[in-house]
Structures are given as structure tokens and as C-alpha cells.
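Colleague: coords please:
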Amino acid sequence: MGETANEAPRPEAADIAAFLNCLERERRMSAYTVRNYGAALNRFADFLRRSGWQGDWEKVVPAQVRGYLIESQRDLSRRTVHNHFSGLRTFFQWRRERGAQANPLAGITLPKLPKSLPKFLTEKQMKTLLDGPMRLLDNESIEAFAAWRDRLIMELLYGAGLRVSELVSLNYGMIDSTGVARVIGKGNKERLCPIGKVALAVLEKFRREFAPATHRDAPILVSEKGKRISIRQVQLTLKRYLALADLPMDLSPHKLRHSYATHLLNHGADLRVVQELLGHASLSTTQIYTHVGIARLQEAHKRAHPRA
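Modeller: Numbering: from 1, shown residues only. Predicted structure coming up:
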């Protein structure tokens with residue numbers, strides 16, 4: 001619930017604002033994560049106020065958190081509940097780092113998430129998708145600037161396994177002449193991402209023939225007016241080429257990252273190398289892609305073996 005013109009500012013609002021500012025400016029979390037964590041905290045605060053809470057975070061107790069968890073499961077998916085509680089845990093950890101004593105989420109157990117394999121494109125599907133901008137250009141259905149920019153978007157997502165937030169943040173100075181990008185990922189951690197020879201060739205052509213500015217701090221992916229493109233623009237661009245390739249429209253830019261990891265492992269890449277390339281803090285996060293490969297092998301065995 002938002003504040004009205006006649007309501008006094010809520011005391012908890014200042015803490016929430018300071019926390020979100022820290023996430024954005026110090027921890028350099030994505031705008032998407034900051035927005036979702038803010039929504040989670042405000043939703044939690046509204047729940048607490050319905051039981052008479054006056055805005056003092058030190059007085060929140062585990063019983064209230066458990067009540068909020070029960071209520072949330074009625075309205076939200078399990079994955080959304082996990083995302084909301086990730087925001088709450090991060091917030092109370094942030095408060096403890098600043099001297100607070102209370103951690104009402106200690107000992108709170110969340111419902112297990114259903115295990116699902118990540119969606120990804122086959123190599124043939126990926127090639128069809130990546131060919132889309134040039135097909136439109138050949139048919140004179142798109143201007144050359146947009147065709148090469150759109151191809152560069154998808155080549156970088158797939159060639160380097162970038163998160164979409166990392167993609168739109170790329171400047172020319174972040175990719176060296178050998179085709180290695182230096183990106184800042186989750187948790188403000190820097191990692192090196194080879195983008196591949198094809199993506200590098202597309203980048204060099206776009207820079208040479210279409211880029212409005214190419215100095216070190218100039219954004220790579222821009223609109224026709226030279227402005228850095230947004231995450232939403234990347235999502236809409238991908239939708240266009242998914243439709244052109246007759247591929248499922250629910251595939252997101254992140255699914256190109258899934259495809260990147262799956263194809264690396266299918267071609268023999270070491271799991272720990274893939275972990276480093278993706279910027280995963282835990283090897284267990286990367287291991288989901290080995291399950292994709294196993295599932296593919298099992299399906300092939302089932303189709304081909306007489307006793308499967």
C-alpha cells in the first residue's frame with residue numbers, strides 16, 4: 001500500500017530506501033533485482049502493519065515471518081516466494097552489518113522448489129535464430145543499422161553467455177582486440193568472457209560501419225539515435241526473431257545463456273570452466289546443465305535402443 005498525501009511518512013520507508021540505494025550504488029545489483037526486492041519489502045511491511053506493527057524492524061519476530069510465509073504461499077508461486085524471501089534475507093543481513101540485532105528470518109525454511117531443467121535451443125535452432133536479421137536485411141524488411149545491431153545483440157548473448165543486464169551495460173572499452181569481454185556480474189564480481197570469433201567479427205563490422213561513437217566509454221548496443229538500449233528493447237528484439245524462426249515465444253534472453261552453457265558442455269567443456277564463464281558462485285548452479293545433457297542422451301537412447 002502506498003502513502004497518501006495525508007499520511008505521515010512511514011518510519012520503515014527510510015530503511016528500505018537506504019537499503020535499495022546500497023544495492024544499486026554499492027553492490028551494483030540490476031535495476032530488476034532492486035525493484036523486486038523493494039516490492040518484497042513493501043509487501044512484507046504492509047502485512048506487518050495489518051497486525052499493528054509500527055515500523056520498528058527490531059521488533060519483527062520469527063512468528064510474524066512464518067505467518068507472512070503462509071499467507072504468501074496462498075497468493076504467489078513458490079519461485080516468487082523464494083525471490084521475495086531472498087530480498088528479505090538480504091535486507092536483514094544488511095541491517096545486521098550496520099549494527100542491528102534482529103534477524104527474524106533465522107531458522108525459517110522455505111518450501112522446496114520443483115526441479116525443472118532449463119529451456120534451451122538446439123544448435124540448429126540457434127543458427128536459424130541468429131540468421132534472422134540477415135534474412136530480413138536480404139528481403140529489405142529492415143535497415144542495415146538495425147539488422148547488424150540486432151545480430152550483434154544475439155551473437156553476444158549466445159557467444160559470451162551474458163546476462164541481459166551485462167549485455168546492455170557493455171562499452172567498447174570492455175572488449176579487447178582478442179574478443180574477451182570484461183564484465184561486472186552479480187555481486188559486483190568481475191569476470192572474463194570470450195565472445196567468440198563470429199561475435200567479434202559482427203562487433204567489428206558494426207563498430208566500423210554503424211556505430212555513432214566508438215570511444216572506450218561509448219555503449220556498444222545503441223538505438224538509431226545513439227542512446228544505450230534497454231533490457232526491454234533486447235527482450236522485444238528477441239521476440240521478433242523468435243517469431244521469424246517459428247520458435248517458442250516464451251524464450252527469453254536468458255535462454256540463450258542456457259543454450260550457451262548446454263552447448264559448451266555437450267562439446268566437452270569442463271564443468272568448472274563453464275562455471276567460471278557463467279559467473280556462478282556455486283558449482284551446483286552450473287551442474288543443472290549436465291542434467292540437460294543427460295536428459296538428451298536418455299531421450300536418444302529411448303528412441304534408438306530396442307530394449308529402451
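
Colleague: can we go C-alpha only for contacts and neighbour counts from here?
Modeller: OK.

Colleague: What strand or helix carries S177?
Modeller: Under DSSP states H and E, no helix or strand contains S177.

Colleague: got the domain boundaries for this structure?
Modeller: Using automatic domain parsing, the domain ranges for the chain come out as 11-97, 123-303.

Colleague: What average pLDDT does the first one get?
Modeller: Spelled out, it's domain 11-97. Confidence for domain 11-97, expressed as mean pLDDT, is 92.

Colleague: ditto for stretch 257-274
Modeller: Model confidence over stretch 257-274 averages 83 on the pLDDT scale.

Colleague: Show me what whichever strand or helix holds A261 packs onto, helices and strands only.
Modeller: If you go by DSSP H and E, A261 is part of helix 253-266. The contact analysis (3 or more CA pairs under 8 Å, 6 or more residues apart in numbering; DSSP states H and E) places helix 253-266 against helix 144-160, helix 231-244, helix 271-278, helix 288-304.

Colleague: any idea which of these scores lowest on pLDDT?
Modeller: Ranked by mean pLDDT, the helices and strands packed on helix 253-266 end with helix 288-304 in last place, scoring a mean of 59.

Colleague: hey, where'd the helices end up in the stretch 51-200 of the chain?
Modeller: With helices called from DSSP state H, counting those that start in this stretch, the stretch 51-200 of the chain shows them at 62-75, 78-97, 123-130, 132-138, 144-160, 164-168, 197-209.

Colleague: Make JSON lines out of the ones you listed and add mean neighbour count.
Modeller: Formatted as JSON lines, the helices of the stretch 51-200 of the chain follow (neighbours: other CA atoms under 10 Å):
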{"stretch": "helix 62-75", "mean neighbour count": "14"}
{"stretch": "helix 78-97", "mean neighbour count": "17"}
{"stretch": "helix 123-130", "mean neighbour count": "16"}
{"stretch": "helix 132-138", "mean neighbour count": "18"}
{"stretch": "helix 144-160", "mean neighbour count": "22"}
{"stretch": "helix 164-168", "mean neighbour count": "20"}
{"stretch": "helix 197-209", "mean neighbour count": "17"}
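
Colleague: how about the ones you listed, which one is nearest Y260?
Modeller: helix 144-160 (5.5 Å; CA to CA).

Colleague: quick one: that closest one to helix 271-278, angle?
Modeller: Counting by axes from the mean of the first three to the mean of the last three CA atoms, to 10 degrees, helix 144-160 lies at 150 degrees to helix 271-278.

Colleague: any idea how far helix 144-160 is from the chain center?
Modeller: The chain centre lies 18 Å from the centre of helix 144-160; the measure is CA atoms, centre = their mean, to the nearest Å.

Colleague: Kindly report the same for stretch 55-74.
Modeller: Counting by CA atoms, centre = their mean, stretch 55-74 comes out at 28 Å from the chain centroid.

Colleague: Check stretch 159-176 too.
Modeller: Its chain's average C-alpha position is 13 Å from that of stretch 159-176, according to CA atoms, centre = their mean.

Colleague: on that earlier part again, buried sites along the helix holding A261?
Modeller: P253, H254, K255, L256, R257, H258, S259, Y260, A261, T262, H263, L265 (16 or more other CA atoms under 10 Å).

Colleague: re the thing from before, the domains of the chain into TSV, with extra columns for distance to I108?
Modeller: Written out in TSV, the entries for these read as follows (distance: least, CA to CA, whole Å):
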stretch	distance to I108
domain 11-97	7
domain 123-303	22
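
Colleague: Relative to P104, which of those domains is closest?
Modeller: Nearest to P104, of all these, is domain 11-97, at 4.6 Å by CA to CA.
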